[in-house]
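Peer 1: what's the 3D shape of this:
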Amino acid sequence: MRNYIIRRLFLLVPIMLGVSFLTFAVFRLIPGDAAILTLGFGSTPESLEDLRHELGIDRPWYEQYGDWVWGVVQGDFGESITESGLSVTTELGRRLPITLELLVLAIFFSVLLGVPPGVLSAIRPGTALDFVARIASVLWLSIPNFWLGILVITFGLAWFGWTPPQFGEGYVPFFAGLPAPLDGVPLPGSGDCPCDPWVNLQQFFFPSLVLALGIAAAIMRLTRSAMMEVLRNDYIRTAWSKGLRERTVVSRHALKNALIPVVTVVGLQVGALIGGTVLVERVFALNGVGFWVVESVIRRDIFVVMSLTLIFALTYVLANLFVDITYAWLDPRIRYA
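Peer 2: Down below sits the predicted model:
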């Protein structure tokens, strides 16, 4: 197992290089010019050339890409080409905790709302509970998360006069040691720290729930089918014949084996969750990495887009490595050569 993990970690290097180069190549094919978007369409050719030279985007592509890769190796993602003096590394430190918290809570809600209903539906097939769970899963799979987020804000405001805490005013950290919030909110440790765990959880509850419902529906349906298949196996019938309680049979003998395909889906759905943050963060005015991706693509800020794509790809690859490791814990018979 240790050698397998080490090999997978070494494979991160060519994967990340491939992702970054592909992003760089595709982005250069998209029509648009960062200099024109910065100065405006009425700018003179001379001023545009001066800005391109100042930003370094008039250099050969291999020099631009090579300098960026060398900076990443040294822990420096460079500077934004459309916001003068803005360090990508510093801005990532501000925005990444927002997106990570959103992803962690979304995964938590998706597992919480997917696995237990799926198990209950499998052990009580054909009952009202099973019917309600299956109908709810189809419903949540059919509703786009960004549309559901708009409904939450619209109906909350129209019916109850409610909006999420700090809506449009900035991120409130859970801990005082987290990086600085955005939108002019004071730095933690500056004497006027806005850190508030309760406000933070309220701020992230509905965005993470909206992001999780579609994934939870898929997990619920897969858990149900996997549990029903496992419950038909001979070793489960043997456990019943021993007189074991239902809770013991389900939790100790059936659930761990049924969770193997569920864990696979959770790992694969990390990519969908990352894509969902781009929309959900904009709907709920959370200035995280997803929000920044949209802004950077619109402004043609190529090095910001490359850096964020690299972070997303790294998150996805590590999530799938964690899934492979979890397999061996769920089923000791699984071993990696």
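Peer 1: right, and residue 300 touches residue 82 too?
Peer 2: Yes. Counting by C-beta atoms under 8 Å, residue 82 is a contact partner of residue 300 at 7.2 Å. For the C-beta atoms, the positions are set from N, CA and C on the backbone; glycine is no exception.
Peer 1: any idea how far residue 323 lies from residue 116?
Peer 2: 20 Å (C-beta to C-beta, to the nearest Å).
Peer 1: Grab the longest helix from the chain for me.
Peer 2: Longest helix of the chain, by residue count under DSSP state H: helix 88-123.
Peer 1: Next SSE downstream of it?
Peer 2: Remark: after helix 88-123, the chain's next helix or strand is helix 128-142, criterion DSSP states H and E.
Peer 1: Give the buried residues for that next one.
Peer 2: Across helix 128-142, burial judged by 16 or more other C-beta atoms under 10 Å covers 130, 133, 134, 136, 137, 140.
Peer 1: Who are the contact partners of the third one?
Peer 2: So the one you mean is residue 134. Listed by C-beta atoms under 8 Å, 6 or more residues apart in numbering, the contact partners of residue 134 are 121, 221, 224.
Peer 1: nearest to residue 294, of the residues you listed?
Peer 2: Proximity of those to residue 294 was ranked by C-beta to C-beta; the top entry is residue 221 with 31.0 Å.
Peer 1: contacting residues for that closest one?
Peer 2: Residues in contact with residue 221 (C-beta under 8 Å, 6+ apart) are 118, 134, 137.
Peer 1: Once you drop chain neighbours, what's closest to the residue nearest the centre of the chain?
Peer 2: Nearest to the mean C-alpha position of the chain, by C-alpha atoms, centre = their mean, lies residue 274 at 3.1 Å. Of all residues not flanking residue 274 in the chain, residue 312 sits nearest, at 5.1 Å (C-beta to C-beta, 6 or more residues apart in numbering).
Peer 1: Quick check: which element contains that neighbour?
Peer 2: Taking DSSP H and E as the criterion, residue 312 maps to helix 302-330.
Peer 1: any low-confidence regions in the stretch 201-337 of the chain?
Peer 2: Applying pLDDT under 70 to the stretch 201-337 of the chain flags the ranges 333-337.
Peer 1: hmm, try it at 80
Peer 2: Scanning the stretch 201-337 of the chain for pLDDT under 80 picks out 299-300, 327-337.
Peer 1: hmm, back to that, and the contacts of residue 134 as TSV, adding distance to residue 91?
Peer 2: Below are those laid out as TSV (distance: C-beta to C-beta, whole Å):
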residue	distance to residue 91
121	44
221	39
224	43
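Peer 1: What is the nearest of these to residue 270?
Peer 2: Looking across the contacts of residue 134 and measuring by C-beta to C-beta, the closest to residue 270 is residue 221, at 18.4 Å.
Peer 1: separation between that closest one and residue 137?
Peer 2: Counting by C-beta to C-beta, the separation of residue 221 from residue 137 is 5 Å.
Peer 1: next one: residue 10
Peer 2: Relative to residue 137, and taking C-beta to C-beta, residue 10 is found at 39 Å.
Peer 1: May I see the buried residues of stretch 279-299?
Peer 2: 279-293, 296-297, 299.
Peer 1: do stretch 308-327 as well
Peer 2: 308-313, 315-317, 319-321, 323-324, 326-327.
Peer 1: what residues does it touch?
Peer 2: 1, 4-5, 8-9, 12, 15-16, 19-20, 23, 72, 92, 96, 103, 260, 263-264, 266-268, 270-271, 274, 289, 292-293, 296, 334, 336.
Peer 1: Drop anything exposed from those.
Peer 2: Buried members of those, scored by 16+ other C-beta under 10 Å, are 8, 16, 19-20, 23, 72, 92, 96, 103, 260, 263-264, 266-267, 270, 274, 289, 292-293, 296.
Peer 1: Inside helices: which ones of these?
Peer 2: Using DSSP H, 8, 16, 19-20, 23, 72, 92, 96, 103, 260, 263-264, 266-267, 270, 274, 289, 292-293, 296 are the members of these that sit in helices.
Peer 1: what about stretch 145-153, average pLDDT?
Peer 2: For stretch 145-153, the mean per-residue pLDDT is 86.
Peer 1: what are the C-alpha coordinates of it, in PDB please?
Peer 2: What follows is stretch 145-153 as a C-alpha-only set of coordinates in PDB (Å, rounded to 0.1, in the frame of the first residue of the first chain):
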ATOM      1  CA  ASN A 145     -28.300  23.600  -8.000                       C
ATOM      2  CA  PHE A 146     -27.900  27.200  -9.200                       C
ATOM      3  CA  TRP A 147     -31.700  27.400  -9.800                       C
ATOM      4  CA  LEU A 148     -32.400  25.900  -6.400                       C
ATOM      5  CA  GLY A 149     -30.000  28.500  -4.800                       C
ATOM      6  CA  ILE A 150     -31.900  31.300  -6.500                       C
ATOM      7  CA  LEU A 151     -35.200  29.900  -5.200                       C
ATOM      8  CA  VAL A 152     -33.800  29.700  -1.700                       C
ATOM      9  CA  ILE A 153     -32.800  33.400  -1.700                       C
END
